[in-house]
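1. sequence unknown, structure follows:
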DNA sequence: ATTTACTCTATCTGTAAGATAGGATATATA
DNA sequence: TATATATCCTATCTTACAGATAGAGTAAAT
């Protein structure tokens, strides 16, 4: 399951990627636009800032803006920040590998084998999706007659 | 994250698929072989039985055995039993779809779009893997020189 | 009858998610 | 320099769930 934090983070980042590049957005505005509890969003944006995804400006006219190009911000990174490794089991993680204490031989473990495939499939999608590419897809759908 | 229940279930089922087809295995033996807390495994096997994956025999010489052909038991089914839908968000689930209360238009939601891709990639792996196919892979690795 | 092994319900503990509160700090501008 | 504005940061609350254990009940074999 994707946590609310990760979900809200993606929504907020997407909104920022869709707004004026040099114009900061306030927490309160972002929260209202994306239907997110403001104080909760505050925490999330702060986390994203500490990870170098966002930058902030204090005081009047302040707020948050993207610290990097939307084409350089991958969903995989966002999800990992809030929900940890993508792999369903620690022994299948590439970025945060931890062996199972009980497993005598990982190479021959069915769970390890199957879950490594799941983690690779997930990583392919999330590390292959950027804020820019996702925004592009959303826009494409918006143009479609419905 | 894969729950311990789902993980233990897969391990136990794999062990059963690897044992004599008509010979029941006792909870205690299965627990020892797979390093699973016995009373916890008990619950898990019971669940699998109630879902028609396993059958059981009581009394001396009793235990659990597969209720179906290993080629007919898919990992996706097992994971769904214990961990619910594969999709990271309910609005991306095929088997247990629930719309987001706050989402005005799902078709145009970036989270929905990306997470649908993740769910499809995950389902492709897990619904495409059976106890039989997984056992085959494990055996293949076992034959490899290491 | 007795042993064996599954069946079922209840319960316990710890941890984490989701969320809120409120004071501290920095910045713009009058 | 005072004041309004907005982020920064830490603490805390509540609830739910995962993981696990206990123990009495039931059915089958010998």
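-> Received it, and whenever you're ready, just let me know what you need. Every value quoted in this text rests on a predicted model; they were computed, and no experiment measured them.

2. near DNA strand C, which residues of chain A?
-> A:3-5, A:37, A:39-40, A:42-43, A:57-62, A:83 (Cβ under 7 Å from any atom of the strand). Using the backbone N, CA and C atoms, a C-beta is placed for each residue, glycine as well.

3. let's see it at 6 Å
-> A:3-5, A:37, A:39-40, A:43, A:57-61 (Cβ under 6 Å from any atom of the strand).

4. So which of these belong to strands?
-> With DSSP state E as the criterion, strands contain residue A:57 from among the residues of chain A next to DNA strand C.

5. buried stuff in stretch A:50-62?
-> Using 16 or more other Cβ atoms under 10 Å in any protein chain shown as the test for burial, stretch A:50-62 gives A:53-54.

6. quick one: it near chain B?
-> No: Stretch A:50-62 stays out of contact with chain B when judged by Cβ under 8 Å from any Cβ of the partner chain, the minimum separation being 15.5 Å.

7. Please apply the same query to stretch A:128-138.
-> Yes: using Cβ under 8 Å from any Cβ, stretch A:128-138 reaches chain B at A:129, A:134-135, A:137-138.

8. quick check: mean pLDDT across stretch A:4-20?
-> The average pLDDT within stretch A:4-20 is 98.

9. In a helix, residue A:135, correct?
-> Yes: assessed with DSSP: H, G, I helix; E, B strand; the rest coil, residue A:135 lies in a helix.

10. Determine the number of other residues adjacent to it.
-> If you count neighbours by other Cβ atoms under 10 Å in any protein chain shown, residue A:135 ends up with 18.

11. Touching, it and residue A:70? I think so.
-> Yes: if you go by Cβ atoms under 8 Å, residue A:135 and residue A:70 touch, sitting 6.6 Å apart.

12. Common neighbours of those two, please.
-> Residues within reach of residue A:135 and of residue A:70 at once, by Cβ atoms under 8 Å, 6 or more residues apart in numbering or on different chains, are residue A:17.

13. before we move on, back to that, which of the residues of stretch A:128-138 next to chain B count as buried?
-> Looks like these have A:129, A:134-135, A:137-138 buried, using 16+ other Cβ under 10 Å.

14. Determine which two of the residues you listed are furthest apart.
-> A:129 and A:138 (11.5 Å; Cβ to Cβ).

15. all helices for chain A, in order.
-> A:4-17, A:27-34, A:38-50, A:75-83, A:110-126, A:131-143 (DSSP state H).

16. tell me the pLDDT at the residue nearest the centre of chain A?
-> Central residue of chain A (Cα atoms, centre = their mean): residue A:78, 2.5 Å from the mean position. Per-residue pLDDT puts residue A:78 at 98.

17. Can you tell me the closest non-neighbouring residue to residue A:117?
-> residue B:125 (4.8 Å; Cβ to Cβ, 6 or more residues apart in numbering or on different chains).
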